[in-house]
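Peer 1: Quick one, what's the 3D model for this:
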Amino acid sequence: MNNINFLWLGIIIVLEACALYYVKKYATDDNKIKFLFMSVILYAIIPYLLYKITKDGTGIAITNTIWNIVSTIYGLLIGIIIFNEHITTEQKVGITFGTIGILFMVWKNE
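Peer 2: Numbering: from 1, shown residues only. Below you'll find the model as predicted:
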């Protein structure tokens, strides 16, 4: 994955983080349609950026795996820090195992 593809992936990650925030705001803020609209717009941009990454020959498998690692981390942070969500000990263990599994998938991948 070259530097420009990491840039596109970074933009995807930021867009999805914002979209997740707006989805949660829509669900908790009296269903204000502006939050749902913003999340739809942000999610609509992501496929184009995935196209930009894969047209250069970068595999969708590795791109998606990296995206999932980061998505798990910021999804947790958004839920816990911003929306004061709580997770059980069992869920924390599952999240830890899932993250370790994903890390093994990308470790030393060429």
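Peer 1: and the gap between residue 53 and residue 66?
Peer 2: Distance from residue 53 to residue 66, counting by Cβ to Cβ, to the nearest Å: 10 Å. Yep, even glycine has a C-beta here, placed from its N, CA and C like the rest.
Peer 1: Neighbour count for these two, which is higher?
Peer 2: The neighbour comparison of residue 53 against residue 66 (other Cβ atoms under 10 Å) goes to residue 53, with 24 against 19.
Peer 1: residues in contact with the residue most central in space within the chain?
Peer 2: A centroid search over the chain (Cα atoms, centre = their mean) returns residue 71, at 2.9 Å, as the residue closest to the centre. Going by Cβ atoms under 8 Å, 6 or more residues apart in numbering, residue 71 touches 13, 16.
Peer 1: What segments of the chain are helices?
Peer 2: For the chain, the helices defined by DSSP state H cover 3-28, 33-54, 60-77, 89-106.
Peer 1: what about those, which gets the closest to residue 83?
Peer 2: The closest of these to residue 83 is helix 3-28. By Cβ to Cβ, the value is 5.7 Å.
Peer 1: so what does the closest one touch, helix or strand wise?
Peer 2: Packing partners of helix 3-28 (3 or more Cβ pairs under 8 Å, 6 or more residues apart in numbering; DSSP states H and E): helix 33-54, helix 60-77.
Peer 1: deepest of the helices of the chain, which one?
Peer 2: helix 3-28 (a mean of 17; mean count of other Cβ atoms under 10 Å).
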